[in-house]
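Student: Task: produce atomic coordinates for the following.
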Amino acid sequence: MKKNYILRAMTLSVAVVFALNLNAQFYTNQLIVGNGGIYGDPSDHVTVSAYNPDGQTTTSFGDIQRESIQDLIIHGNYAYVAAEDSIVKFNIDTYEKVAAVYESNLNQLFCKNGLLYVSRRSDINGPPADGVYLKVFNAGDLALVGSVNGISGDANGIVVESDTVYLAVSGDWQATEGKFAVIDNSFNLVREMDFGADAVGIFDLYSDGNNIYSVNRSPYGSMSGSVSTYSIWTTLFTTTVFDNVVGKGVAKSNNALYLMLDNGIGSYDLGTNEVLETSIVPDPGSSDFIYIADAAFDYLNQLFYVTLTDYFSMGEGKIYDMEGTETGTFDAEVSAEAVALDFRINDFAWEDVEYWIGEGGNKALFVVDWNDGTEPESIAWGFRFEGETTGEEMLTAIAEADDRLTINMAGGFLNDIIYSNGYAHEGIGGTNGFYWATYSGINSGNWSMNAGLSTSVSNGDWFGCSFTDFDPAIVPGVPVAVSNPLGVQVSEVPAIHVFPNPFNDKIQIEAQNISEVKVLNMNGKLLYQNKLNGWGSSRIDLSGLPKGMYILQMISEKEMKVERIIKQ
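Tutor: Below you'll find the model as predicted:
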């Protein structure tokens, strides 16, 4: 599985790279195809379809009454489509249209942290009337969030790293140089850099967390193109020019950049800054006016999904392996200029939760991964709450309810987490250069490092903790469910008698070596706690509790016994 490296700055001014945990198992779910249709024919408008690689079937599910498509991206289980003056959001599990908004002069899309970034360009009516070349929308309902003023001309590719937006600024067809904009998280233009004439046609952007790479398309009639590299940390850039006609970028995978070269698809080595292969996927017949409209790279199966068209009468989809051999086909219509692959993770699901803690109508998942080689490395609790909560509130409540978990935190950051349930996990901050990092996400495939335990958690969110040396920092892996302590039976706590059960107001506990008792409700909320003298008989007054079933935890020096008790 591919490692996905993302560079972030830590509070101690240390630049760290973190990667997807290799425990996470991904698969290729489907290919989404955006067909532009015959431009100028109002009856042949934009359509969207899904191709299933396993069943080799196609499902048509979307119609947009526009005559061209500019971009299509996938984020989670949603596809976002830019078609002339319409941004449309589809649920690609149900194939339903869930949101749409009007916006003119659309170009490329990028989605991250709940925001949809939209670059804009000149169309047949000229540049955007408001002079704004980058707008930001809420990824949920497509409401406008912000606009970036001051960008000099047509904008293309977008990348967001940490709290900074990077934008390719090509200008219109008359431009003679490529430019690169840097934008802060308040949507203010920080600077616009001139990459010079060698970067004319700057178009698609890719990132490895350290550098931003731009694919610079060849101007009409030119026989050369280029790739530029911008360092996030030094803000310096270089451009490498080579004697190939450069089209769109296709994908970045590890150190290889796949891009359209000489009307086919080739590769470029980002380490040596040279073209590796000029023709992995061959030219489909540009001499007969048949071109590659778009392509997507399946890094899991090492396949290219390629759409071909003459833009007025035909369209088809072909699948190629890394040797350029055609291995299959899929349905594509005329001008299928936007395709994207939907990768999924065999992930932990809400119904997998065994131990819920807290009360309320909202739910969140708390994940801890020790990365210590002891299975299971990554475990999860469910947490219920009202309104919003934080990572610190979740962890505190979980530690109070689950005596197998011991935590040490200060100033909103984690120091140590220890867990024991037949196996032992111990993450002591500073051990061999390892520390706890905290993450936010909605599944195991989209973790992003957050500001610490004080980070807000909303309904449906995941909050994760990972013990790592930051070389690279590894996000939490796919967890297994923490067992409910109702199942814990321990021989170290002998001869315990709890009576009466059911009870009215008080219960009697007769046992040796019991140092503490706790009473929790069935959601794991702590309701009663008392220290005992370690032996003999103790009478506990629970008259303040309402009628119902509860969890009684009886704790010795090393172990715990759990029983259900019922107040009647």
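Student: ranges for the strands of the stretch 351-500 of the chain?
Tutor: According to DSSP state E, counting those that start in this stretch, the stretch 351-500 of the chain carries its strands in the segments 356-358, 362-369, 378-385, 389-390, 405-410, 413-420, 424-428, 435-441, 448-449, 456-457, 462-468, 473-474, 480-481, 497-499.
Student: can you list the residues that contact the fifth one?
Tutor: Here strand 405-410 makes contact (C-beta atoms under 8 Å, 6 or more residues apart in numbering) with 392, 395-396, 398-399, 414-419, 453. To be clear about C-beta, it is placed using only N, CA and C from the backbone, and glycine gets the same treatment.
Student: Show the buried residues in those residues.
Tutor: 392, 395, 398-399, 414, 416-417, 419, 453 (16 or more other C-beta atoms under 10 Å).
Student: May I see these organised as JSON lines, with pLDDT and distance to Glu359 added?
Tutor: Below are the buried ones among the contacts of strand 405-410 laid out as JSON lines (pLDDT from 0 to 100; distance: C-beta to C-beta, whole Å):
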{"residue": "Glu392", "pLDDT": "95", "distance to Glu359": "18"}
{"residue": "Leu395", "pLDDT": "95", "distance to Glu359": "17"}
{"residue": "Ile398", "pLDDT": "94", "distance to Glu359": "14"}
{"residue": "Ala399", "pLDDT": "91", "distance to Glu359": "17"}
{"residue": "Leu414", "pLDDT": "90", "distance to Glu359": "25"}
{"residue": "Asp416", "pLDDT": "91", "distance to Glu359": "28"}
{"residue": "Ile417", "pLDDT": "93", "distance to Glu359": "24"}
{"residue": "Tyr419", "pLDDT": "90", "distance to Glu359": "23"}
{"residue": "Leu453", "pLDDT": "94", "distance to Glu359": "21"}
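Student: could I get these as a markdown table with distance to Leu532?
Tutor: Listed next are these as a markdown table, based on distance: C-beta to C-beta, whole Å:
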| residue | distance to Leu532 |
| --- | --- |
| Glu392 | 30 |
| Leu395 | 27 |
| Ile398 | 24 |
| Ala399 | 21 |
| Leu414 | 31 |
| Asp416 | 27 |
| Ile417 | 27 |
| Tyr419 | 25 |
| Leu453 | 32 |
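Student: Ser335: which of these is nearest?
Tutor: The closest of those to Ser335 turns out to be Leu453 (C-beta to C-beta; 49.9 Å).
Student: what sits against the closest one?
Tutor: Going by C-beta under 8 Å, 6+ apart, Leu453 touches 390-392, 395, 409, 412-414, 438.
Student: State the distance from it to Arg344.
Tutor: In this structure, Leu453 and Arg344 are 29 Å apart, going by C-beta to C-beta, to the nearest Å.
Student: What separation do you get for the nearest residue to Phe180 once chain neighbours are set aside and Tyr166?
Tutor: Excluding the flanking residues, the one nearest Phe180 by C-beta to C-beta, 6 or more residues apart in numbering is Met193, at 4.6 Å. As judged by C-beta to C-beta, Met193 and Tyr166 stand 10 Å apart.
Student: overlap in contacts of these two?
Tutor: Residues touching both Met193 and Tyr166 (C-beta under 8 Å, 6+ apart) are 180-182, 230.
Student: quick revisit: isn't the residue nearest to Phe180 right up against Lys179?
Tutor: Yes - counting by C-beta atoms under 8 Å, Met193 touches Lys179, with 6.5 Å between them.
Student: out of the two, which sits in the busier spot?
Tutor: Using other C-beta atoms under 10 Å, the more surrounded residue of Met193 and Lys179 is Lys179, with 23 against 16.
Student: That one bridge partners, please.
Tutor: Beta-bridge pairing for Lys179 (DSSP bridges): Val169, Asp194.
Student: who's in contact with it?
Tutor: By C-beta under 8 Å, 6+ apart, the contact set of Lys179 is 152-153, 168-171, 192-195, 202.
Student: among those, which ones are buried?
Tutor: Buried among these (16+ other C-beta under 10 Å): 153, 168-171, 192-193, 195, 202.
Student: Skipping its backbone neighbours, what lies nearest Ile555 in space?
Tutor: In space, Ile555 is closest to Glu516, 4.5 Å off (C-beta to C-beta, 6+ apart).
Student: I'd like the distance between that neighbour and Pro282.
Tutor: Counting by C-beta to C-beta - Glu516 and Pro282 are separated by 73 Å.
Student: go on, Phe366?
Tutor: Phe366 is 51 Å from Pro282, where distance means C-beta to C-beta.
Student: Same drill for those two, tell me which one is more crowded.
Tutor: Set side by side, Phe366 and Pro282 show more neighbours around Phe366, with 23 against 14, by other C-beta under 10 Å.
Student: Sheet-wise, list the partners of the lengthiest strand in the chain with their directions.
Tutor: Longest strand of the chain, by residue count under DSSP state E: strand 26-35. Strand 26-35 pairs in its sheet with strand 46-52 (antiparallel), strand 338-345 (antiparallel), by DSSP bridges.
Student: Quick check: mean pLDDT of that strand?
Tutor: The average pLDDT within strand 26-35 is 94.
Student: got it, and stretch 319-339?
Tutor: When pLDDT is averaged over stretch 319-339, the result is 97.
Student: What is the end-to-end distance of it?
Tutor: For stretch 319-339, the first-to-last residue distance is 13 Å (C-alpha to C-alpha, to the nearest Å).
Student: which parts of that stretch are buried?
Tutor: Neighbour-count burial for stretch 319-339, with 16+ other C-beta under 10 Å as criterion, is recorded at 319-320, 330-339.
Student: Equivalent analysis for stretch 259-279, please.
Tutor: 259-268, 270, 275, 277.
Student: who's in contact with Trp173?
Tutor: Contacts for Trp173 (C-beta under 8 Å, 6+ apart) come out as Tyr220.
Student: so it sits in a helix?
Tutor: No - the assignment for Trp173, made by DSSP: H, G, I helix; E, B strand; the rest coil, is coil rather than a helix.
Student: how close does it get to Glu103?
Tutor: Remark: distance between Trp173 and Glu103 (C-beta to C-beta) = 22 Å.
Student: For the protein, name the helix or strand with the lowest mean pLDDT.
Tutor: strand 6-9 (a mean of 27; mean pLDDT, DSSP states H and E).
Student: Looking at the buried ones among the contacts of Lys179, spot the one nearest Ser556.
Tutor: Nearest to Ser556, judged by C-beta to C-beta, of those is Ala168 at 64.2 Å.
Student: Redo the strands paired with strand 26-35 as JSON lines? Include distance to Ala295.
Tutor: Shown next, in JSON lines, are the strands paired with strand 26-35 (distance: least, C-beta to C-beta, whole Å):
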{"stretch": "strand 46-52", "distance to Ala295": "14"}
{"stretch": "strand 338-345", "distance to Ala295": "7"}
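Student: Setting the sequence-adjacent residues aside, check what's closest to the residue nearest to the spatial centre of the chain.
Tutor: With distances taken as C-alpha atoms, centre = their mean, the residue of the chain nearest its centroid is Asn446 (2.2 Å). Among residues not flanking Asn446 along the chain, Gly76 sits closest, at 7.0 Å (C-beta to C-beta, 6+ apart).
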